[in-house]
Structure formats: C-alpha cells, structure tokens
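# fold the following for me, if possible:
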Amino acid sequence: HGVEGAKPSDFEKLRMDIGREIEAAHLGALRSRGLRIVDLPGPFSDDLVRRTRQAIQDGAEAVYQANLVAKVPANGSSFELRGIPDFLIREGDGYIVRDAKISRSDNINVEDHNEIVLQLQAYGWMLQRATGKPLKGLEVLAGDGKIVSIKYDGGKGALDLLGRLFALVRGEEPEALVGWSRCQVCTFRAKCWDGAVARRDVGIVQHVGYDMIPALRALGIRTVADLAAHDPSALAEEKFQRRGKDQRFGKSAAKMVTAARALESGKHIVLPDPKPLPSGDRWVVFDLEGIPEMFESDGRIYLWGMR
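Okay, the predicted model is just below:
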C-alpha cells in the first residue's frame, strides 16, 4: 500500500525482547537434550530458504528460524507467501512446527488470539508445500512455558483470509473504519487515521468503537459534528452489532456524545456532579495498573501512587 510502517515503540521493543528471550531459552533446552539443530539466523533470504530445504533433506533433528516460501493460488493468479517459524522439530518422517509467543497458554485460542492460530495454520501448510514433508503437529510455546497444540485444518482458514487480503490489495481500496483504541497501536496508523482526522470522521472520537460505526452511519452520524449534535439518551436505546450479537449503546452513548462535543468545541467539558475532593494540605496521586501477561499470569492489579 505504499505506506512505511511506524518504528516500534519502547513497549513493543520490550515485547520483542521478551519473545527473543523465550526463544533463546527453548533453544537452549532443545540443545541440552542433545538435538542436532540447524540455526538459521538473519532476515529472510533466498539463501536461507535453500539452507532450510537442505537441512530438512539431511534429516536435521530441529531447525531454528527456518525460512519457508510457497506459492498460493488465488482467483486465477497467485502470490508468494513467506514465513519464519521459530522451530521445526523432527518427529518420525515429518516435522512439528513450534512457534514461541509471549501470550499465556490459556489465551492461545480462536477467541482470544485467532491471529496466532491462523499463523500456525499457514506455517503448517507452507511446510508441507515447500518441503513435501508430513506435518506432525502445530504447537505454540506460550509465555508461561507451556506448550499448546493447535488443530490443523489443512491451512484453509489462513489461506481463505490471505486470499481475501490479496483480492483487496489488487482491487480498489475499500474505506477503512477507524477506531480510537485499535488505531492507536497500528503500525500503519498514518494510512487511515490521518485522513479520518482531516474529514472529522466519527471514528476519531474516544469511546467510539470501530464496530459501532456502521450503526452510527445508519443513523446519519458520520462526523464528529453529527455525533455532538445527537441526543445521548436517544442514542443509548439504539443497537449495534458486536461479535455477531445486538448490543445497546447504553451508557457509552453519553460518553461518546460528550467526547464529541469537547472535540468539536475545542473546550474542556466538566462532567456533572463531580465528587468533592477532601480538604487537606497534601495530595495523593494514584493509579491502578495490571501487569502485562508476559510478566505475570495471576491477574493481579497493583495500586501505584505517590504522596
């Protein structure tokens, strides 16, 4: 699409560092078992593709950072799919694909992390296509050290999604629905968000989820000004679809309309009936924060503060 991705934030760099630590620890564990491992470090390249195939032909007991490539047929054409699974581990006459993730094992599923499931499905299909070797299993090495098995569907789910993406790339670019929460962390945020800000799209309003936008548009609410002019009590009774189910805007309506009015006017809006602050000569500032799942898995919430 011709847009350069944003540089990773410090937090994203931390996540990548943690991922590499998980990989390195598992690589060390495999070596301690005496496995003959072919290590293929570096960015994807034709040379590493050749070396991956050679290692598999030679019967390597494990391959670290294998380079796989395969042609995917799509609507009378085709595209090249590339991937670098963290580990290929030999079992009998085939290989297990194992990829390291920082997510907890109880979150490795279609509902919480379908992207992980689809990625492993694609790796399994590529392994068979590129090497002719049987796939013996798909596994995720989770951030808590547990191994989660993924049921293989022949790559159908991943290939269907990739085919749709390929069609979008080749055809006329569709309008993207922006949303405050999901767009803030997108690497290609400038592609959609900057245009939405310029045209004052309703999706730039805080508390407006991207899945709410079709319902808002059906009500004639397309811009910040449209939302700011709407009656929050009437909007609260309207419905939108989330994960295939009807849901009322409810309490979110007042938050959305208030945020739109503040954005449209450029002024702060004091919320009604704020709770009075206690009198005294000292202030206490505090915040409640959860620990990211890759650090701890017990779900604790911490109170941070200073006086």
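# where along the stretch 151-300 of the chain do the strands fall?
Secondary structure of the stretch 151-300 of the chain (DSSP state E, counting those that start in this stretch): strands located at 239-242, 245-248, 285-290.
# now, of those strands, which is deepest in the fold?
Mean neighbours per residue, mean count of other CB atoms under 10 Å, is largest over these for strand 239-242, with a mean of 14. Every C-beta, even on glycine, is put in place using the N, C-alpha and C of the backbone.
# quick one on the thing from earlier: redo the strands of the stretch 151-300 of the chain as a markdown table? Include mean pLDDT.
Converted to a markdown table, the strands of the stretch 151-300 of the chain look like this (pLDDT from 0 to 100):
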| stretch | mean pLDDT |
| --- | --- |
| strand 239-242 | 93 |
| strand 245-248 | 93 |
| strand 285-290 | 71 |
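# distance to Arg222 added to those strands, as CSV?
Shown next, in CSV, are those (distance: least, CB to CB, whole Å):
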stretch, distance to Arg222
strand 239-242, 15
strand 245-248, 21
strand 285-290, 35
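# and the helices in the stretch 51-200 of the chain, which stretches?
Assigned by DSSP state H, counting those that start in this stretch, the stretch 51-200 of the chain shows helices spanning 110-131, 156-170, 180-184, 189-198.
# which pLDDT value does the model give the residue positioned nearest the centre of the chain?
What sits nearest the mean C-alpha location of the chain, by CA atoms, centre = their mean, is Glu115, with 6.6 Å. Looking at Glu115, its pLDDT stands at 93.
# same thing with Gly163?
pLDDT, read off for Gly163, is 88.
# wait, it touches Ser77, no?
No: assessed by CB atoms under 8 Å, Gly163 is found out of contact with Ser77, at 10.2 Å.
# which one of these two is surrounded by more residues?
Taking other CB atoms under 10 Å, Gly163 and Ser77 do not tie; Gly163 has more neighbours (15 against 10).
# so what's that one up against?
Val72, Ala74, Asn75 (CB atoms under 8 Å, 6 or more residues apart in numbering).
# out of the residues you listed, which end up buried?
For those, a neighbour count by 16 or more other CB atoms under 10 Å gives the buried set as Val72, Ala74.
# count of residues packed around the closest residue to Leu30 other than its chain neighbours?
Spatial nearest neighbour of Leu30, excluding adjacent residues (CB to CB, 6 or more residues apart in numbering): Ala62 at 5.7 Å. Using other CB under 10 Å, Ala62 is surrounded by 22 other residues.
# ok, now Asn114?
A total of 12 residues lie near Asn114 under the criterion other CB under 10 Å.
# for Ser45, see how far away it is.
Per CB to CB, to the nearest Å, Asn114 is found 30 Å from Ser45.
# please apply the same query to Phe249.
When Phe249 is compared with Ser45 (using CB to CB), they lie 51 Å apart.
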